[in-house]
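*Asks:* Okay, sequence plus prediction incoming.
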Amino acid sequence: MRVLVTGASGQLAHAVRHIWQDHELILPEESVLDLGKREALFSVVAEVRPEVLINCAAFTQVDRCESEAELAHLINATAVGWLAEACEAQKAMLIQISTDYVFDGTGARPYREDDPTNPVSVYGRTKLEGERQAATCSRHLIARTSWLYDAWGKNFLNTMLNAAAQGKALRVVDDQRGAPTTCRALARQLQLAAAQDWRGLVHMTCQGETTWHGFAQAIFAAKGMAVDLSPCTTADYPTPAQRPAYSVLDGGRRRSLGTDLMPDWHKALREVVEDPEG
């Protein structure tokens with residue numbers, strides 16, 4: 001299967017490159033497949049003629065999105081519409097990666113795919129519009145995920161490890177709940193979903209839930225590190241963008257469609273620590 005991947009330098013594209021080795025992967029540099037330039041995007045898709053396009057590119061800096069809303073909308077929403085149009089012309093499947101931040105976080109149980117969305121940040125709103133744009137492609141799969149990380153890239157795990165290595169005392173938010181999800185686990189589930197031709201909107205996160213503080217505790221325990229770590233509240237750590245307090249995603253539809261490859265988040269973390277190369 002010929003697979004075109006956007007966002008080649010990002011952490012999820014790195015995992016796709018490693019996991020999808022049985023396929024013909026094309027991962028152009030961002031300067032070539034530039035989501036901000038419609039004609040360049042269409043040119044690459046027409047030249048490659050992919051059977052599947054995985055959109056791993058996004059403006060994911062949640063706080064920066066608040067001050068750069070136009071750019072966030074261009075990358076996270078408008079460009080997805082262009083990708084959908086380009087994929088439609090090639091009869092390709094578009095796999096769009098979305099986020100738990102499409103919900104407001106006021107729920108008390110894991111969110112299902114058919115639950116009402118109500119994003120509370122520019123990032124969440126632009127990613128939700130990206131879902132709508134992706135759905136204009138006849139063959140589409142929208143994978144909502146959360147708290148993505150792995151041994152590589154810019155993410156919470158590496159931020160925590162780098163800060164701890166500098167001997168810093170760490171205060172981490174303990175009143176936001178979600179499901180840490182490894183890029184490699186998501187890449188495996190996406191590969192199976194593409195092979196089985198899953199369609200529509202599917203939640204793809206690791207199983208279980210924790211807080212950012214609980215996640216940090218688990219990281220340092222897995223690494224055998226003694227760290228000065230204490231919990232704090234969201235109010236103690238104000239940020240430009242509001243975050244959902246509870247954004248756990250229900251995996252029932254994923255399990256109804258086929259094999260569920262998403263592990264418990266503790267198991268996924270152990271894999272990253274024990275096999276950092278993936």
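*Replies:* Nice, I can see it. Computed from a prediction, not measured in an experiment: that's the story for all the values here.

*Asks:* ranges for the strands of the chain?
*Replies:* Assigned by DSSP state E, the strands in the chain fall at 2-6, 24-26, 52-55, 93-99, 140-145, 148-149, 170-173, 177-178, 181-182, 200-203, 210-211, 229-232.

*Asks:* Report the rounded mean pLDDT for the last one.
*Replies:* Across strand 229-232, pLDDT averages out at 97.

*Asks:* elements contacting that strand?
*Replies:* Strand 229-232 sits against strand 170-173, helix 212-223, with contacts defined as 3 or more CB pairs under 8 Å, 6 or more residues apart in numbering; DSSP states H and E. Quick note: C-beta positions are derived from backbone N, CA and C, even for glycine.

*Asks:* In stretch 261-278, which residues are buried?
*Replies:* 261-263, 265, 268-269, 271-273, 278 (16 or more other CB atoms under 10 Å).

*Asks:* Between the two ends of it, how far is it?
*Replies:* 16 Å (CA to CA, to the nearest Å).

*Asks:* Need the helices and strands packed on strand 229-232 in JSON lines (columns: mean pLDDT, distance to P238 and mean neighbour count).
*Replies:* Below are the helices and strands packed on strand 229-232 laid out as JSON lines (pLDDT from 0 to 100; distance: least, CB to CB, whole Å; neighbours: other CB atoms under 10 Å):
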{"stretch": "strand 170-173", "mean pLDDT": "97", "distance to P238": "11", "mean neighbour count": "18"}
{"stretch": "helix 212-223", "mean pLDDT": "98", "distance to P238": "15", "mean neighbour count": "19"}
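
*Asks:* Would you map the helices across the stretch 51-200 of the chain?
*Replies:* Per DSSP state H, counting those that start in this stretch, the stretch 51-200 of the chain carries helices over the ranges 62-67, 69-73, 79-90, 122-134, 156-165, 183-195.

*Asks:* out of the ones you listed, which comes closest to T239?
*Replies:* helix 62-67 (5.4 Å; CB to CB).
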